[in-house]
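Asker: next come a sequence and a model predicted from it.
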Amino acid sequence: MKKALLFGMDGFVGDHMARELTANGYEVYASSSHGNKLNTYDGWYGCDLTDADQVKNVIAEVSPSHIVNLAGQSNVGISWKIPRRTVEANVCGPLNILEAIHQCELDCEIMMIGSSEEYGVSDKSLCETDKLDASNPYGISKEMLEKFCYLYRERYKMRIHFVRSFNHTGIGQNDNFVIPSWCKQVAAISKSGMPGEISVGNLDIVRDFSNVKDVVRAYRMILESDDCSVVYNVGSGEGVPLRKILDYIVSLCEYPVEVKVNKKLIRPIENPRICCNSDLLKEKLGWKPEYDIYKTVKEIYEFYYEDMSE
């Protein structure tokens, strides 16, 4: 029986990953910094990833065949405000996992999550061979993690799969991220029955957005792949201007929406275009996206609208 231990289950991707693995024959053991309230998995453990002993105890008790780390500080804007905590969450916590696996002499498949923010500025779609040159604290932390994964893979022969994920969204993502933020604000105007205004950041950038369900399916396929030394980009392969996404969200509201740019929401350094070349993932593992970004956006908008009705 395949037994997966997921760290970071109190985050956005955790439940989606758990459902993907369960649907494909895994026992799922969940871990987060908070205790389990729903008891919907095969086991749930409270664990602070910055506490090496707690991490080692959980891994030793579960003895999983697969480990996926979804924990971390994943917001680029917030990383400028808390760079040290970002490094602690995105580097030190995962290092505790790798050390625990090594000390327990556990033979398992491991997945660590990187980011498109590891790459330097480019006006073309980014492929895995492009230069890594992060320009914000979040991206730097992920670049550090990737180097540690390479080190542990080479030094201890650990089977560590690493991915560079591009933007993904869906129902359940925190509204401090751009698409949920806009959907929530516009849904509130719709619910109010009168004109209103929303606050936005930089609209003159292009991003590659995927539905989180497509992303976790890619994670599972990579986790199950034979060659753990291959680093994969995970993204739709289509760059969309944020202004175009905002226009679509506003079109879902029957009342006038005034858009106001809030300078506080504009990051000190912003890559103008981040788009994924996912050819390697498609060619080697046969993955392709199944969900349209605009349908995904509409689902998020409708979720907020209905939630405001309760």
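Answerer: Right, received. Where do you want to start?

Asker: where along the stretch 1-150 of the chain do the helices fall?
Answerer: With helices called from DSSP state H, counting those that start in this stretch, the stretch 1-150 of the chain shows them at 14-22, 52-62, 76-81, 83-87, 93-103, 137-156.

Asker: what's the span of stretch 23-43, first residue to last?
Answerer: End-to-end distance for stretch 23-43, by Cα to Cα, to the nearest Å: 16 Å.

Asker: chain center to that stretch, what's the gap?
Answerer: Counting by Cα atoms, centre = their mean, to the nearest Å, stretch 23-43 is centred 18 Å from the centre of its parent chain.

Asker: list of residues touching it?
Answerer: With Cβ atoms under 8 Å, 6 or more residues apart in numbering as the test, stretch 23-43 has contacts from 1-11, 14, 18, 21-22, 44-49, 58, 62, 64, 66, 71, 220. Any C-beta I mention is one placed from the backbone N, CA and C, and that applies to glycine too.

Asker: if any of those residues are buried, put those into a PyMOL selection.
Answerer: With 16 or more other Cβ atoms under 10 Å as the burial test, the buried ones among those are selected in PyMOL as follows:
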select buried, resi 3+4+5+6+7+8+9+10+11+14+18+21+44+45+47+49+58+62+64+66+71+220
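
Asker: and Lys282, how many neighbours?
Answerer: By other Cβ atoms under 10 Å, the residues close to Lys282 number 15.

Asker: now it: how far from Leu151?
Answerer: To Leu151, Lys282 is 29 Å away according to Cβ to Cβ, to the nearest Å.

Asker: and for Arg217?
Answerer: For Arg217 relative to Leu151 (Cβ to Cβ), the value is 29 Å.

Asker: now Arg159
Answerer: 14 Å.

Asker: show me which of the two is the more surrounded one.
Answerer: Neighbour count, other Cβ under 10 Å: between Arg159 and Leu151, Arg159 has more, with 18 against 13.

Asker: so how many other residues sit close to the closest residue to that one other than its chain neighbours?
Answerer: Spatial nearest neighbour of Arg159, chain neighbours left out: Cys228 (4.6 Å); criterion: Cβ to Cβ, 6 or more residues apart in numbering. Other residues within reach of Cys228, judged by other Cβ under 10 Å, total 18.
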